[in-house]
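**Q** Need a 3D model of the following:
(one chain, ligands or ions: 1)
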Amino acid sequence: MHGSGDDAAHAGGDAAPPPPAAEATPQAAASPGEHIVADEGAQLDFSRDMSYGDYLQLDRLLDAQAPLSPAHDELLFIVQHQTSELWMKLMLHELSAAVRAVAADELPAAFKMLARVSRIMEQLVHAWDVLATMTPPEYSAIRPFLSRSSGFQSWQYRCIEFTLGNKNAAMLKPHAHRADLLARVDAAWRAPSLYDEALRLLARRGLPVPPDKLARDWTQAYTADPGVEAAWLAVYQAPQAHWDLYQLGEELTDLEDAFRLWRFRHVTTVERVIGFKRGTGGTSGVGYLRRMLDVVLFPEIWSLRTQL
Ligand code: HEM
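**A** The predicted model follows:
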């Protein structure tokens with residue numbers, strides 16, 4: 001956390017050298033801890049400078065947890081969802097830039113961003129360990145207060161899914177009452193996905209991608225094609241000749257691998273917390289989430305492995 005604090009100070013453009021320790025702590029430091037702070041010259045007066053909390057808008061951030069029930073565990077439930085949404089915000093930021101980079105043939109930049117998205121996803125996989133400490137009775141105490149709200153209505157999650165190619169027009173509907181959010185989800189739905197752009201790149205590099213995969217109705221879910229598998233196979237059979245495309249293939253694999261783990265941990269956590277009860281969003285719950293485990297984002301990236 002100190003690193004972030006330092007960044008905050010730098011971001012404020014405060015190039016002034018730290019004040020001498022004696023000035024920062026006029027009273028003699030009594031304890032060893034106070035000595036350390038004094039010796040290090042840490043800035044302690046923020047009456048005129050931007051502080052860590054100012055930069056990060058912590059007042060707003062930490063004021064945004066409003067449990068509706070008297071249950072002790074609701075704060076965990078809220079924090080887990082809010083932190084996931086924050087990470088999703090960063091994922092979307094990175095993913096949309098990565099799609100643009102692939103479209104612009106800027107692969108090193110795309111690799112950097114895709115690697116970051118995979119690491120974020122992996123971190124969210126581990127985050128389920130915290131939520132799994134919530135027992136069924138603890139969740140049941142909160143459940144009536146959630147009404148019909150559910151992660152199913154996460155517009156950021158839907159944008160991530162659409163950007164990764166899991167297009168589904170029905171998923172726009174929960175956002176119809178919010179024109180601002182609908183516009184964002186709709187834009188992700190209409191745009192070529194990361195995989196669509198990857199295939200267009202393969203074609204620009206002379207690989208034989210079927211033309212109907214290069215210009216199509218992007219709102220439709222992608223369907224696997226033997227011609228696309230053949231194009232990826234050519235890359236994987238001669239990595240040295242197509243090194244960056246080979247790397248792109250592996251970055252996509254990392255990403256889908258991590259996404260699959262997230263989905264899996266979600267469904268197992270849900271099963272351990274609510275069993276086979278229906279979801280607050282109205283689906284069958286575990287049954288629905290298990291069906292989502294079958295979604296394949298980049299099909300030929302997986303199927304080609306059988307041919308190698
Ligand atoms: C005890 C905790 C949780 C339970 C019981 C739970 C339960 C469910 C259920 C049953 C669904 C299916 C839709 C429905 O009918 O509601 C769902 C969907 C979803 N949940 Fe959770 N969930 C939990 C935690 C989380 C967390 C921490 C996140 C992180 C943001 C999350 C994100 C999502 C998303 C994005 C969907 C939509 C998945 C899709 O459509 O493929 N859930 N959840």
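**Q** count of neighbours near residue 232?
**A** 29 (other Cβ atoms under 10 Å). Glycine gets a C-beta too; all of them are placed from N, C-alpha and C.
**Q** just residue 111 next, same as before
**A** Neighbours of residue 111 (other Cβ under 10 Å): 18.
**Q** now swap in the one 5 residues further on and tell me
**A** The number of residues packed near residue 116 is 16, by other Cβ under 10 Å.
**Q** who are the neighbours in contact with the closest residue to the ligand within the stretch 101-250 of the chain?
**A** Nearest to the ligand in the stretch 101-250 of the chain, going by Cβ to the nearest ligand atom, is residue 151, at a distance of 2.2 Å. Residues in contact with residue 151 (Cβ atoms under 8 Å, 6 or more residues apart in numbering) are 81, 157, 281.
**Q** Out of those residues, which is nearest to residue 168?
**A** residue 157 (12.2 Å; Cβ to Cβ).
**Q** what's the following helix or strand after the stretch of helix or strand that closest one belongs to?
**A** Using DSSP states H and E, residue 157 sits within helix 155-163. Going down the chain from helix 155-163, the next helix or strand is helix 179-190, by DSSP H and E.
**Q** Check which helices and strands that following helix is in contact with.
**A** Here helix 179-190 touches helix 155-163, going by 3 or more Cβ pairs under 8 Å, 6 or more residues apart in numbering; DSSP states H and E.
**Q** do the helix it packs on and the ligand meet at all?
**A** Yes: Helix 155-163 is in contact with the ligand by Cβ under 6 Å from any ligand atom, via residue 157.
**Q** ditto for stretch 166-179
**A** No: Stretch 166-179 lies apart from the ligand when judged by Cβ under 6 Å from any ligand atom; the minimum separation is 7.2 Å.
**Q** Contact partners for the closest residue to residue 293 other than its chain neighbours?
**A** Of all residues not flanking residue 293 in the chain, residue 263 sits nearest, at 5.6 Å (Cβ to Cβ, 6 or more residues apart in numbering). By Cβ under 8 Å, 6+ apart, the residues touching residue 263 are 289, 292-293, 295.
**Q** Turn the contacts of residue 151 into TSV, columns for neighbour count and pLDDT.
**A** As requested, these are exported to TSV (neighbours: other Cβ atoms under 10 Å; pLDDT from 0 to 100):
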residue	neighbour count	pLDDT
81	14	98
157	18	98
281	15	97
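**Q** Make a markdown table out of those residues and add distance to residue 243.
**A** Listed next are these as a markdown table, based on distance: Cβ to Cβ, whole Å:
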| residue | distance to residue 243 |
| --- | --- |
| 81 | 40 |
| 157 | 33 |
| 281 | 44 |
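**Q** about what we covered before: host element of the residue nearest to residue 293?
**A** Using DSSP H and E, residue 263 sits in helix 243-274.
**Q** quick one: that helix to helix 155-163, angle?
**A** Counting by axes from the mean of the first three to the mean of the last three Cα atoms, to 10 degrees, helix 243-274 lies at 140 degrees to helix 155-163.
**Q** At the contact with the ligand, which residues of the stretch 101-250 of the chain appear?
**A** Residues of the stretch 101-250 of the chain lying near the ligand (Cβ under 6 Å from any ligand atom): 131, 134, 139, 150-152, 154, 157.
**Q** List buried residues within these.
**A** For those, a neighbour count by 16 or more other Cβ atoms under 10 Å gives the buried set as 131, 134, 139, 152, 154, 157.
**Q** Got the confidence number for the fifth one?
**A** pLDDT, residue 154: 98.
**Q** ok, now which ones touch it?
**A** 85, 88.
**Q** So it versus residue 294, what's the distance?
**A** Noted for residue 154: a distance of 20 Å to residue 294, by Cβ to Cβ, to the nearest Å.
**Q** For this structure, which residues score under the pLDDT cut-off?
**A** When residues are selected by pLDDT under 70, those of the chain lie in 1-29.
**Q** one more time with 50
**A** Counting by pLDDT under 50, the chain contains low-confidence ranges at 1-13, 22, 25.
**Q** what about the strands in the protein?
**A** Secondary structure of the chain (DSSP state E): no strands present.
**Q** residue contacts, the spatially closest residue to residue 168 that is not a sequence neighbour?
**A** Using Cβ to Cβ, 6+ apart and skipping residues adjacent in sequence, the residue nearest residue 168 is residue 221, 6.8 Å away. The neighbourhood of residue 221, defined by Cβ under 8 Å, 6+ apart, consists of 165-168.
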